[in-house]
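Chemist: my questions are about this predicted structure, shown below with the sequence.
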Amino acid sequence: MKTYMPSKFIVERDSARCIQCQVCVNQCSFDVNYYDAADGEVRSREQNCVACHRCVVFCPTDALTIKNNPLDYRENYNWRPEIIEDIIKQAETGGVLLTGMGNDKGQRIYWDHLLLNASQVTNPSIDPLREPMELVTYLGRKPDKVELERGTLKLKTKLAPQVKLEVPVMFAAMSYGAVSLNVHESLARAATASGTLWNTGEGGLHTNLYKYGNNTIVQVASGRFGVHSEYLNAGRIVEIKIGQGAKPGIGGHLPGEKVSAEVALTRMIPRGTDALSPFPHHDIYSIEDLVQLIYALKEATNYTKPISVKIAAVHNSAAIASGMVRAGADIIALDGIRGSTGAAPKVIRDNVGIPIELALAAVDTRLRQEGIRNQASVIISGGIRNSGDVAKAIALGADAVYIGTAALMALGCTCCQQCHTGKCAWGICTSDLALTKRINPEIGARRLTNLLRGWSIEIKDILGGMGINALESLRGNRLALRGVGLTDTELEILGVKMAGS
Amino acid sequence: MVQSAIKQKNNDPAVRIDAEGLLTRELNLKLREVVSNGAQKIEIRNVYGQRYIGTDLDKPVEIEIFGTPGNDLGAFMDGPRIIIRGNAQDGCGNTMNSGEIVIHGHAGDITGLSARGGKIFVRDGVGYRVGIHMKEYGDQKPVLVVGHTAQDFLGEYMAGGILILLGLNLKEGEKHRASYIGTGMHGGVIYLRGDVDDFQLGKEVGIAELDGGDYVNLELFVGEFADHFGYDAKGILKHKFIKLFPLYLRPYGRLYAY
């Protein structure tokens, strides 16, 4: 069938600069650039271009640029080009529209409407370059009260397992299979170097990476891929994945193209099959069942590790979170509508779930009202872009955040949204061995460590500017926030005042 | 008791634990202690619904249970052999890695969910959603043999392993009752002694006659089943079996528009 899809992008090659070296041909994994031997010239099949910029970055003479195809449709607010093109794709395939990365639609980003406070005159700000500044965070269940031994002042209360983070930013769950082993290793090394944690996602842990276990969150999801007692005991935290912000309520199909021999071994499924994650955990149909799995995992790890439960932010997250805490979860992870994915049906990604800012505020408020906020740490994810977002999240009530997309961008990702194709030209979201070697774990780890270092310094600047010297003083302190351009209802749910008041 | 466990040798009598009045956590702590002290045979009496028995054990000990163990018996288990003189409840052998569970009675829902290895023998029937997403790789292959029959969603999303339903409680000509058998199946094999109607099968499942390799499997595992529960394996194997297998490696490969 002839496709009616126009090219999305134009590849412009400056012939004065191009030296016909074919680097762009070798770098492109989407079959765009090719060498026309008859004419002795490099050309482009522009209909395949996804604007990942791999060729642009690697062109030694800067001869390439990618532009949006300026092809105009007749203006129509309702029938926008994306909508027309989605219909064309489905008319030509009869399938569910699949996409990668997070929601790219214009739902309000509340971080951009929240502003942080600073000290002026009435209390001094603190210069973090000359005074100590504390970002340490402990994840895990906190007791209702602590008792000290008389005289020695030693802690008498027996604490539940706690995990120390040097920086309140962890790497979000991205499974082996969705991303490559080199990406996993980059994340693991960077987490170890930065005193934080990375998360295996649901595809198990490659044996080469067990040595990073102390900085690893091991995930247990509905497909139970790679879950066994050695795996559970290798991690620092065990996370039950119920839902994901990019696809709340549904399971996942890792495309067979990405199920290589090593991925098949780690997941224990046939090579080349789609790795199917069922919609629900078939042993969790209720809060009571969640209790059962949480305690099965606690038993399996002899009560030495906090158990996290991750859900997608949905309409009744606050009530669910309350149930999760009462079910025994030591950590609650909330993933908002802008959370990313290696593959999700577009209709789910773009239409299901709620923004993380609102879910966080609602959950934190609810747990405080019920007097159980201390019983679980709250981690949020789904669109954290920079240290400003992190600081605002902490002020809204989060204990720590997960970053996924931002971490991949540190490794080269340009958010071209082709993760589901398995052709990632940056070698991130693929298991094609020719591509995965484009990520060097040592360089990858350095890039990620640099990112966290930069954010840490910025967060310290933010704290210093407020005149506080510990992240703990900002946590859940919504007086440090003011809203702009928000309705009364939005301000009420966020629990912040309008700027100026 | 701990002392006796240290001295115990293979032929010595089992270490006995009385579970009467013990909470789940207390019983499992005791078990862990006994096993780490070197016990190889353990007998637990008066078990009334305590959960997760054998969950965190990774040694090839033998545990005999008298009573009714609770949910998630042997979840994530890696090595032990558990014999239950009674019924098992839900989640028995959940995500089990290796070892063996022999149930002299029936088992509940999600028996063998996501099992990655080991063997489970159930003398009587099992509940709903049994054997969902069992997996295998290389030599590691879980086996579940059920004497009677199962309820709906048997072997859904199955990615590996062997599931055998003997239907010993069915009258001549009576069919198995489960529906949605093997929906989304993309690996492994299900053997049914007795018959099913087409509508009872998931769309991704095919029916085939057995070949030589299948009979090798059946003789081995039905033989073990018969040994455990005092049946005549030859008599069981005389009856007609059918084999259910995944039609596609990628059952949902054509679901998407790229």
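Modeler: Alright, I've got the coordinates.
Chemist: for chain B, just list every one of the helices.
Modeler: B:2-7, B:24-36, B:212-229, B:233-238 (DSSP state H).
Chemist: in TSV: those helices, plus mean neighbour count.
Modeler: From N, CA and C alone the C-beta is placed, and that goes for glycine too. Listed next are the helices of chain B as TSV, based on neighbours: other C-beta atoms under 10 Å in any protein chain shown:
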stretch	mean neighbour count
helix B:2-7	13
helix B:24-36	18
helix B:212-229	16
helix B:233-238	14
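Chemist: put together JSON lines for those helices, with mean pLDDT and distance to A:Pro345 on each row.
Modeler: Below are these laid out as JSON lines (pLDDT from 0 to 100; distance: least, C-beta to C-beta, whole Å):
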{"stretch": "helix B:2-7", "mean pLDDT": "43", "distance to A:Pro345": "55"}
{"stretch": "helix B:24-36", "mean pLDDT": "95", "distance to A:Pro345": "40"}
{"stretch": "helix B:212-229", "mean pLDDT": "97", "distance to A:Pro345": "38"}
{"stretch": "helix B:233-238", "mean pLDDT": "96", "distance to A:Pro345": "46"}
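Chemist: adding distance to chain A, write those out as a markdown table.
Modeler: As requested, the helices of chain B are exported to a markdown table (distance: least, C-beta to the nearest C-beta, whole Å):
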| stretch | distance to chain A |
| --- | --- |
| helix B:2-7 | 18 |
| helix B:24-36 | 6 |
| helix B:212-229 | 17 |
| helix B:233-238 | 28 |
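Chemist: would JSON lines of the ones you listed with distance to A:Arg446 be doable?
Modeler: Putting these into JSON lines (distance: least, C-beta to C-beta, whole Å) gives the following:
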{"stretch": "helix B:2-7", "distance to A:Arg446": "52"}
{"stretch": "helix B:24-36", "distance to A:Arg446": "42"}
{"stretch": "helix B:212-229", "distance to A:Arg446": "52"}
{"stretch": "helix B:233-238", "distance to A:Arg446": "62"}
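Chemist: of all these, which one comes closest to A:Ala327?
Modeler: Minimum separation from A:Ala327 across the helices of chain B (C-beta to C-beta) falls at helix B:24-36, 15.2 Å.
Chemist: centre of the chain to that closest one, how far?
Modeler: Relative to the chain's own centre, helix B:24-36 is displaced by 23 Å; criterion: C-alpha atoms, centre = their mean, to the nearest Å.
Chemist: how about stretch A:236-245?
Modeler: For stretch A:236-245, the distance to the chain centre is 12 Å (C-alpha atoms, centre = their mean).
Chemist: again, but for stretch A:98-110
Modeler: Taking mean C-alpha positions (C-alpha atoms, centre = their mean), stretch A:98-110 and its chain are 13 Å apart.
Chemist: that stretch close to chain B?
Modeler: Yes - counting by C-beta under 8 Å from any C-beta of the partner chain, chain B is contacted by stretch A:98-110 at A:Leu98.
Chemist: how about the residue in the stretch 151-258 of chain B positioned nearest to chain A, what does it touch?
Modeler: Nearest residue of the stretch 151-258 of chain B to chain A: B:Ala257, at 3.5 Å (C-beta to the nearest C-beta). Contact analysis of B:Ala257 by C-beta atoms under 8 Å, 6 or more residues apart in numbering or on different chains lists A:89-90, A:92-98.
Chemist: just checking, which of the residues you listed belong to helices?
Modeler: Judged by DSSP H, the subset of these located in helices is A:89-90, A:92-93.
Chemist: what two of these are the furthest from one another?
Modeler: A:Gln90 and A:Glu92 (7.3 Å).
Chemist: ranges for the strands of chain B?
Modeler: B:15-18, B:41-48, B:62-68, B:78-85, B:98-103, B:119-122, B:143-146, B:159-165, B:187-193, B:205-208, B:241-246, B:256-257 (DSSP state E).
Chemist: what angle separates the third one from strand B:78-85?
Modeler: With axes from the mean of the first three to the mean of the last three C-alpha atoms, to 10 degrees defining the directions, strand B:62-68 sits at 40 degrees from strand B:78-85.
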